[in-house]
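Novice: Sequence first, predicted model second:
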Amino acid sequence: MMKGKEGFKNFLNMKFTIYTLLVLLFWGKTYLVYRNEFKLGIDNGIQEFLLFLNPLSSAIFFFAFALLFKKTRSRFWAFVIIDFLLSFVLYANVVYYRFFNDFITLPVLMQTKNFGDLGGSAGSLMNSVDILYFVDFIVILSFFFLKLVKKETNKVNRFAAVGVGVLGVAVFFVNLAIAEGDRPDLLQRTFDRNYLVKYIGVYNYTIYDVVQSTKASTQRVMAEESDIQEVLDYTEANHAAPNEDMFGIAEGKNVVYVSMESFQSFLMNYELEGQEVTPFLNSLMKDKSTVYFENFFHQTGQGKTSDSEFLLANSMYALPQGSVFSTKAQNTYQGQPAILSQNGYTTSVFHGNNKTFWNRDVMYKSLGYDNFFDETYYDVTEDNSHNYGLMDKPWFEQSMPYMEEMEQPFMAKFITLTHHYPFTMPEKDQSFPAASTGDSTVDHYFQTAHYFDEALEQFFNQMKESGLYEDSVFVLYGDHYGISENHDRAMSEIIGKEVNDYQSAQLQRVPLFIHVPGENFDQQINSTYGGQIDLRPTVLHMLGIETDEYISFGTDLFSEEHNEIVPLRNGNVITPEFSKIGDKCYSNPHGEEVEMDNCEAVNEIAQKELELSDEVVYGDLLRFYQPSNFEAVNPNDYDYLNR
C-alpha cells in the first residue's frame, strides 16, 4: 500500500504530470461551463468544435508559466495561483452572465463601487453547486494537504517550458484561423461579445478586451480637430426637420422624466390571474393627452440605466464595452440638461441611491445638471428601503417638497429603483400575485412592476395636488430590459409563443409615454419605430428648441423625416420591415427568416452610426466643436453636496 502511494507520489511529481492534469481538468471544466451557463448560439459543427477547442489554448499557455519555476514546490504554488485566477475569471463571468446575459469587460470592472452596491443581486445569482466550478483548484490544493508534493528540486528545462507556451499560442492561431473561416473579420466586428467567447473563449476574450480597452483609452490623446468633420457632415445630412404641428407644443412647460427601471413593453395591458399588472399605465395609454410609442427600443449596453441616461441626454450611443458614465465622465458634452439650463430651465435629478453609483456625481456635472438629489437628501430607513435604496412610493413622496421649491420651468428626472433585479419586495408591500412559471425572476417581476405602477399613480396625484401637473410634460420610458435571454423558457410561457432569437430581440421594446396635460392628440398609439437615441431631439422640438446645430444621431420621433432604423448596441438592427439578428435576417412582424441581402443596407447604416458615435466618445471630439447658441459646460460650477 505504501509502495503504491509512494509510486503515485513519484508520478505526481514528475515534470509534466500536474501540468497535464491541470490542463485536462481545466479544459473539461471550461467546456462544461460553456455548455451549461452561456447561451452562445451554436449553429454548426465548426462552432461546436471551436467551443470545445478554445479552452485548450488558454490552458496550455497560462499553465506553462508555472513550468518556468525550477523547484517542484514553487512550480506547484504557481499552478495553484494561476488556476485560481483563471477559475475566478470564469466564475465571475458566470455570475455576471446569469443576469446581464453578457460578459465582463475591463471598463465595467473599473467602476468597483457598483459591484459593492450589487452585492445583494450577486448573492442571488450564486448557487451552492457552483463550488464544482473550482473542482480542479480543490483537487490540486488537496495534493499539498495530503503531502503528495515533494520538496526536492526537479528542474524543467527552460526551453521545454517556452516550447509548451509556444504550443499554446500555436493552438490559439489554429483556433482563430478556423473561426475566421466561419466568421470573417471576427476581431474587427466586435459588437457582440457572445461571438467572441464562442469562437476564441472567455480567457482569450478577456485578453482581447484588455487590449481593446487600452487602445480606446489612447484615442483621446490621438484625436485631432479634423476628426469631428465626418461626424458633423453625417449628422447634418441626416437631421430630421421638426413636425410643424408638434414643434413648440410644450414650450415653457416643465419637463418630468421618469426612468422606469427594467420595464419592458410586454407588461402593457398584460393580465395575470385576471388582474392588470399596470392598470395606471394602461389608463394613461388611453388618455387623449398621451402618445404611446409601441415600437420603441432600449439601446443600452453594459451600462444599463446609466447608458439609457447617456442616450437620452446626448443622442449618442452607449459604448460597446463598459459604461460612458464610468470611463468617459469627464469628457466634453453638450447634453440636454445644459441645453435646457441655457434656455431658462432649472435641471435636477432625483435618485434614492448613492450619488457615486455609476459615477453619477461626476457625469452629471459634465452634463450640466443644476441639482442632484441623491440618498443623502432623503430619510432612508430599514422600513422604507429595499435592495438598491429608497422604495419608489416613499421616494416619490419625499421628492415632492424639492419639486415644489424649484424655480420654473424645470426639468426633473426621476430614476426609479424598486422594480429591479432580483425583483423582490418586503411582504408588506406586495399587493399583486406572482406568476407561476417556476422561474423566480420572471414570477416576481410582475409584483414589483405592479408596485411601481401604484407608485407612479401616487406621483401623478401628488403632482396634481401641488399644482405642477397642468404646467408639465411627462416623459415616461423603460430604461432597459428586466428579463434577460437566460429566462426564455419562462418568457415563452408568459407571452404564449416560443422565445427564439427573433422574439428575444422584439422583447427589447420598452414603453415610451409622452403625456402633455390639456392636449388632445388624434392618435394615442404611435407605431413609429425608434429608440432612446431619438428622445433628445423629440423633446427639445416639443419645447420649441431647434437642434440642427447639435450633434445628434437620433431624430425626432414625430418628424416626417424620422429615421426608423434602430441599431441595438449588440449589433442587432430593427426596422419596420426587417430585423437583423446576429448573422440572420427576419421579416417583420412574423419573424420569417429571409435572405441576408434584405438587411445589408440598413445594417451598414447602423454600424456606421455606431462607429461614428464611438469615435466622438472615445476621442472626446465634442471639445473641438461648439454650437453657436451653446456655452461650454464647466463641471467645477456644480456642487451636489447636501450641506
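Specialist: Yep, that arrived.

Novice: List the residue ranges of the stretch 101-250 of the chain that fall below the pLDDT cut-off.
Specialist: 106-124, 144-156, 185, 188-192, 216 (pLDDT under 70).

Novice: Please enumerate the helices of it.
Specialist: Per DSSP state H, counting those that start in this stretch, the stretch 101-250 of the chain carries helices over the ranges 106-110, 112-117, 119-124, 135-145, 158-182, 193-200, 202-222, 228-237.

Novice: for the ones you listed, which one ends up most surrounded?
Specialist: Ranked by mean neighbour count, the helices of the stretch 101-250 of the chain are led by helix 193-200 with a mean of 23 (mean count of other Cβ atoms under 10 Å). (Glycine included, C-beta is placed from N, CA and C.)

Novice: Packing partners of that helix?
Specialist: On a contact count with 3 or more Cβ pairs under 8 Å, 6 or more residues apart in numbering; DSSP states H and E, helix 193-200 meets helix 45-64, helix 158-182, helix 202-222.

Novice: Quick one: those as JSON lines, columns for distance to Ser87 too.
Specialist: Below are the helices and strands packed on helix 193-200 laid out as JSON lines (distance: least, Cβ to Cβ, whole Å):
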{"stretch": "helix 45-64", "distance to Ser87": "11"}
{"stretch": "helix 158-182", "distance to Ser87": "18"}
{"stretch": "helix 202-222", "distance to Ser87": "11"}
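
Novice: Next up, the contacts around Lys29.
Specialist: With contact taken as Cβ atoms under 8 Å, 6 or more residues apart in numbering, Lys29 is in contact with Leu90, Tyr133, Val135, Asp136.

Novice: Quick check: pLDDT value at it.
Specialist: You'll see Lys29 listed with a pLDDT of 90.

Novice: On the three-state scheme, it is what?
Specialist: Assigned with DSSP: H, G, I helix; E, B strand; the rest coil, Lys29 falls in the helix class.

Novice: what's around the closest residue to Ala318 other than its chain neighbours, how many residues?
Specialist: Distance criterion Cβ to Cβ, 6 or more residues apart in numbering; nearest residue to Ala318, sequence neighbours excluded, is Asp307 at 3.7 Å. Using other Cβ atoms under 10 Å, Asp307 is surrounded by 26 other residues.

Novice: Equivalent analysis for the one 10 residues further on, please.
Specialist: Tyr317 is flanked by 30 other residues according to other Cβ under 10 Å.

Novice: With Lys413 as the reference, measure out to it.
Specialist: 20 Å (Cβ to Cβ, to the nearest Å).

Novice: Can you show me the helices along the stretch 401-550 of the chain?
Specialist: If DSSP H, counting those that start in this stretch is used as the criterion, the helices of the stretch 401-550 of the chain fall at 440-466, 488-495, 501-506, 535-542.

Novice: Please work out which of these is packed deepest.
Specialist: helix 535-542 (a mean of 25).

Novice: just checking, next helix/strand downstream of that helix?
Specialist: strand 566-567 (DSSP states H and E).

Novice: Can you say which of the helices of the stretch 101-250 of the chain is nearest to Tyr625?
Specialist: Ranking the helices of the stretch 101-250 of the chain by proximity to Tyr625 (Cβ to Cβ) places helix 228-237 first, at 5.0 Å.

Novice: how distant is that closest one from the center of its chain?
Specialist: Counting by Cα atoms, centre = their mean, to the nearest Å, helix 228-237 is centred 27 Å from the centre of its parent chain.

Novice: again with stretch 584-597
Specialist: For stretch 584-597, the distance to the chain centre is 26 Å (Cα atoms, centre = their mean).

Novice: in this protein, what spans have low per-residue confidence?
Specialist: Within the chain, the ranges that satisfy pLDDT under 70 run 1-15, 100, 106-124, 144-156, 185, 188-192, 216, 643.

Novice: Work out which residue lies at the spatial centre of it.
Specialist: Taking Cα atoms, centre = their mean, the centroid of the chain lies closest to Gln302, which sits 2.7 Å from it.

Novice: quick one: that residue from Pro279, how far?
Specialist: Computed as Cβ to Cβ, the Gln302 to Pro279 distance reads 34 Å.

Novice: what comes up buried for whichever strand or helix holds Glu609?
Specialist: Element membership for Glu609, per DSSP H and E: helix 597-619. In terms of neighbour count (16 or more other Cβ atoms under 10 Å), helix 597-619 has its buried residues at 598-599, 602-603, 605-606, 609-610, 612-619.

Novice: Using PDB, write out every CA atom in it.
Specialist: In PDB, the C-alpha atoms belonging to helix 597-619 read as follows (Å, rounded to 0.1, in the frame of the first residue of the first chain):
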ATOM      1  CA  ASP A 597     -29.400  40.800 -48.600                       C
ATOM      2  CA  ASN A 598     -32.600  42.300 -47.200                       C
ATOM      3  CA  CYS A 599     -30.800  43.500 -44.100                       C
ATOM      4  CA  GLU A 600     -27.400  44.500 -45.600                       C
ATOM      5  CA  ALA A 601     -28.200  48.100 -46.400                       C
ATOM      6  CA  VAL A 602     -29.700  49.000 -43.000                       C
ATOM      7  CA  ASN A 603     -27.000  47.100 -41.200                       C
ATOM      8  CA  GLU A 604     -24.300  49.200 -42.900                       C
ATOM      9  CA  ILE A 605     -26.100  52.400 -41.900                       C
ATOM     10  CA  ALA A 606     -26.500  51.200 -38.300                       C
ATOM     11  CA  GLN A 607     -22.900  50.100 -38.000                       C
ATOM     12  CA  LYS A 608     -21.700  53.400 -39.500                       C
ATOM     13  CA  GLU A 609     -23.700  55.300 -36.900                       C
ATOM     14  CA  LEU A 610     -22.400  53.200 -34.000                       C
ATOM     15  CA  GLU A 611     -18.800  53.700 -35.200                       C
ATOM     16  CA  LEU A 612     -19.100  57.500 -35.600                       C
ATOM     17  CA  SER A 613     -20.700  57.800 -32.200                       C
ATOM     18  CA  ASP A 614     -18.000  55.700 -30.600                       C
ATOM     19  CA  GLU A 615     -15.400  57.900 -32.200                       C
ATOM     20  CA  VAL A 616     -17.000  61.000 -30.700                       C
ATOM     21  CA  VAL A 617     -16.900  59.500 -27.200                       C
ATOM     22  CA  TYR A 618     -13.600  57.700 -27.300                       C
ATOM     23  CA  GLY A 619     -11.900  60.700 -28.900                       C
END
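
Novice: which helices and strands does it pack with?
Specialist: Here helix 597-619 touches helix 202-222, helix 228-237, strand 566-567, strand 573-574, strand 578-581, strand 584-587, going by 3+ Cβ pairs under 8 Å, 6+ apart.

Novice: which residues are in contact with that helix?
Specialist: So helix 597-619 is in contact with 191, 216, 219-220, 222-223, 227-228, 230-231, 234, 316-317, 319-320, 324, 328, 331, 551, 553, 565, 567, 569, 571, 573, 575, 577-580, 585, 587, 621-622, going by Cβ under 8 Å, 6+ apart.
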